[in-house]
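A.B. asks: everything below, folded, please.
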Amino acid sequence: MRVAKPAVPILMLGFVGGPLSVWWLRDWTPMSSFHALIGGTAALLFFAAAAHGRRLEHGNADARSAHALLGVLGVLAGLVAAVAGFVLLP
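C.D. replies: Below is the predicted model:
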């Protein structure tokens with residue numbers, strides 16, 4: 001929990017920063033690539049995993065399976081987004 005609590009806001013900042021940098025620095029249309037679609041999916045999965053993590057923290061053991069599944073799917077989506085982003089590098 002010590003690592004996850006600050007990691008989710010940092011991930012969300014990265015998700016917001018990506019489209020802003022694409023628009024401001026490169027003059028591209030934000031959210032118009034496969035990388036953006038998968039990155040958005042990863043962000044949603046991590047946010048949902050965080051919500052279930054809060055439920056776990058407050059004693060709701062029913063959220064354990066969903067939290068684990070969403071976390072793994074978020075990591076996998078993040079890896080796919082990282083690979084998809086290679087083609088966008090200058």
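
A.B. asks: for the residue of the chain most remote from its centre, what are its contacts?
C.D. replies: No residue in the chain sits farther from the centre than Gly59, which is 24.8 Å out by Cα atoms, centre = their mean. Not one residue lies near Gly59 by Cβ atoms under 8 Å, 6 or more residues apart in numbering. Yep, even glycine has a C-beta here, placed from its N, CA and C like the rest.

A.B. asks: on the three-state scheme, it is what?
C.D. replies: coil (DSSP: H, G, I helix; E, B strand; the rest coil).

A.B. asks: what's the pLDDT at it?
C.D. replies: The model reports Gly59 with a pLDDT of 91.

A.B. asks: report the separation between the residue lying closest to Leu45 once chain neighbours are set aside and Thr29.
C.D. replies: Distance criterion Cβ to Cβ, 6 or more residues apart in numbering; nearest residue to Leu45, sequence neighbours excluded, is Gly74 at 3.6 Å. Per Cβ to Cβ, to the nearest Å, Gly74 is found 25 Å from Thr29.

A.B. asks: of the two, who's got more company?
C.D. replies: Gly74 (22 against 11; other Cβ atoms under 10 Å).

A.B. asks: alpha carbons of the helix or strand hosting the more buried one, as PDB, please.
C.D. replies: Under the criterion of DSSP states H and E, Gly74 resides in helix 64-85. Provided in PDB are the C-alpha atoms of helix 64-85 (Å, rounded to 0.1, in the frame of the first residue of the first chain):
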ATOM      1  CA  ARG A  64     -10.000  -8.900  -3.200                       C
ATOM      2  CA  SER A  65     -10.600 -10.800  -6.400                       C
ATOM      3  CA  ALA A  66     -11.700  -7.800  -8.400                       C
ATOM      4  CA  HIS A  67      -8.800  -5.800  -7.100                       C
ATOM      5  CA  ALA A  68      -6.300  -8.400  -8.100                       C
ATOM      6  CA  LEU A  69      -7.800  -8.900 -11.600                       C
ATOM      7  CA  LEU A  70      -8.000  -5.200 -12.300                       C
ATOM      8  CA  GLY A  71      -4.500  -4.700 -11.100                       C
ATOM      9  CA  VAL A  72      -3.100  -7.400 -13.400                       C
ATOM     10  CA  LEU A  73      -5.100  -6.200 -16.300                       C
ATOM     11  CA  GLY A  74      -3.900  -2.600 -15.700                       C
ATOM     12  CA  VAL A  75      -0.300  -3.700 -15.700                       C
ATOM     13  CA  LEU A  76      -0.800  -5.700 -18.900                       C
ATOM     14  CA  ALA A  77      -2.600  -2.800 -20.600                       C
ATOM     15  CA  GLY A  78       0.200  -0.500 -19.400                       C
ATOM     16  CA  LEU A  79       2.800  -2.800 -21.000                       C
ATOM     17  CA  VAL A  80       0.800  -2.800 -24.300                       C
ATOM     18  CA  ALA A  81       0.600   1.000 -24.200                       C
ATOM     19  CA  ALA A  82       4.300   1.300 -23.700                       C
ATOM     20  CA  VAL A  83       5.100  -0.900 -26.700                       C
ATOM     21  CA  ALA A  84       2.400   0.900 -28.800                       C
ATOM     22  CA  GLY A  85       4.100   4.200 -27.800                       C
END
